[in-house]
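Asker: this is a predicted model, with the sequence first.
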Amino acid sequence: MSDRQDDFERGLKNRRSVLGEAWVERSTAGANAFNAEFQDFITRFAWNDVWGRPGLDHPTRRLLVLGMTMGLARWEEFELHCGAAVRASQQPGSGVSLVQIKETLLQGAIYCGVPAANTAFKIFVELLKKEGIAVEPAPLTPARRVATHQTFSLPQLHIALQGAGPGAPVVLAHALGLDVDMWDDLADELAAAGHPVLRYDQRGHGRSAVPAGPYTMDELVDDAARVIREWGVGPVVWVGLSMGGMVGQGLGIRHPELVRGLVLANTTAQYPEAAKAGWQQRIEKVEQGGMTVIADMVVERYLHEAYRREHPAKAAALRAKIQHADPRGYVAACAAVAGVDWLSRLPEIKAPTLVLAGALDAGAPPSMAEAISSRIAGARLVVLDEASHLSVAEQPQQFAALVREFLQRV
């Protein structure tokens, strides 16, 4: 077989991988005396010479094509590639997700124009429906609208506010390496139920400032206190997971006047010495190789194996979030987390407290949750089955129900 024919076969393989067997068969079967040379040309040069290059993977090239065809208003080509991307998003290990497609179109609104984005989103939603993918309604009620700004004092922290009902105000505090997006679904639900909801990116995370580290847990607690004071609607019900739960314990101890109730999920009040050594090793890995070197490990700790297998797109989105975290902020916050030491002071907490643990959580096992709940008067401990560290993602309905029930009691 000649090199030219090899190029054609390699290009045809890439073309089938990206667009699907059925479409490629129809396209090549329709070749005629006028377009056969063109089909040969694009298969060799576009699908082999470009799509076959090693510098970018296929998911990245898919998203680039969506942005380019959107900008050029080549809607037939856009629909072809968008449909292929939507179908690929439903296949485990495809490397492309519906969230990534949505984000590509949102960015296109800035660089290609709102009219182009309007058409692109219309085609995208129609393709979702065609493929039988549920498109849940999300009416733009006041409870769902999110206002964002930065704190006035330094370091500046990114704030997201929604809801304006009569219910108890709620602050949601995220886990290490994540940001406000971690709470999207719960924030919507609580706001719709009449609770003013505040989320913020902790220092070194998301869209907040990244001051020089290492950070201390007291600094993270002081950040939380000034966020609540600047919001001006306290005392609040604090819902914190992992690092957010550590900050919540500190608030209950050092700033009790700001706390109406505490939900402490998948967290600890103190690490044993062996675990502290593990944190130092993690810090050194990130300092030497960046976030990519620990991304898989963090995902495996945050989501248990069965969940990752059943929800590959969500696991991939979490991995991408970890990989894009600022390594400077992550390392600085690791120091604060490793040094958490509230255990002996937990009896000082007087606010009603709900402690949540995941039965499969290796990083903050139920024994750590029991150590917290046993030292806070009246605290309730609930262990969630089929949940590891990121229980709000793995068991969202049960997590939300427990929080709603708690809010009715405080």
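Answerer: Happy to help now that I have it. Numbering: from 1, shown residues only.
Asker: check contacts around the closest residue to Arg207 other than its chain neighbours.
Answerer: Distances taken as CB to CB, 6 or more residues apart in numbering place His158 nearest to Arg207, at 3.8 Å, with adjacent residues excluded. To be clear about C-beta, it is placed using only N, CA and C from the backbone, and glycine gets the same treatment. Counting by CB atoms under 8 Å, 6 or more residues apart in numbering, His158 makes contact with 148, 150, 179-180, 200-201, 206-208.
Asker: repeat that for 7 Å
Answerer: Counting by CB atoms under 7 Å, 6 or more residues apart in numbering, His158 touches 148, 150, 200-201, 206-208.
Asker: which one of those has the most neighbours?
Answerer: Counting neighbours by other CB atoms under 10 Å, Tyr200 leads the contacts of His158 with 29 neighbours.
Asker: just to check, that one is in contact with Gln156?
Answerer: No. The pair Tyr200 / Gln156 is not scored as a contact, 10.6 Å apart, by CB atoms under 7 Å.
Asker: circling back to that earlier point, from Ala73, how far out is the residue nearest to Arg207?
Answerer: Separation of His158 from Ala73 (CB to CB, to the nearest Å) stands at 34 Å.
Asker: then Val99?
Answerer: As defined by CB to CB, Val99 lies at a distance of 24 Å from Ala73.
Asker: before we move on, what about Trp342?
Answerer: Counting by CB to CB, the gap from Trp342 to Ala73 is 57 Å.
Asker: comparing the two, which residue is more hemmed in?
Answerer: Neighbour totals were compared for Trp342 and Ala73, and Trp342 leads with 23 against 14 (other CB under 10 Å).
Asker: want to throw the contacts of His158 into a markdown table with secondary structure and distance to Val383?
Answerer: A markdown table is the format used below for the contacts of His158 (DSSP: H, G, I helix; E, B strand; the rest coil; distance: CB to CB, whole Å):
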| residue | secondary structure | distance to Val383 |
| --- | --- | --- |
| Thr148 | strand | 35 |
| Gln150 | strand | 38 |
| Tyr200 | strand | 28 |
| Asp201 | coil | 29 |
| Gly206 | coil | 29 |
| Arg207 | coil | 34 |
| Ser208 | coil | 32 |
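Asker: between those residues, which sits nearest Leu258?
Answerer: The nearest member of the contacts of His158 to Leu258, counting by CB to CB, is Tyr200 at 14.0 Å.
Asker: so what's the closest one bridging to?
Answerer: Applying DSSP bridges to Tyr200 gives these bridge partners: Ile159, Ala173.
Asker: show the pLDDT at it.
Answerer: At Tyr200, the pLDDT value in this model is 97.
Asker: now do the contacts for Asp385.
Answerer: Here Asp385 is in contact with Ala359 (CB under 7 Å, 6+ apart).
Asker: show me where the stretch 101-250 of the chain has strands.
Answerer: For the stretch 101-250 of the chain, the strands defined by DSSP state E, counting those that start in this stretch cover 147-150, 158-162, 170-173, 197-200, 236-241.
Asker: mind putting those in TSV, distance to Asp326 included?
Answerer: Shown next, in TSV, are the strands of the stretch 101-250 of the chain (distance: least, CB to CB, whole Å):
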stretch	distance to Asp326
strand 147-150	16
strand 158-162	13
strand 170-173	18
strand 197-200	16
strand 236-241	20
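Asker: against Ile283, how distant is Ala335?
Answerer: Ala335 is 7 Å from Ile283, by CB to CB.
Asker: go on, Arg62?
Answerer: Counting by CB to CB, the separation of Arg62 from Ile283 is 35 Å.
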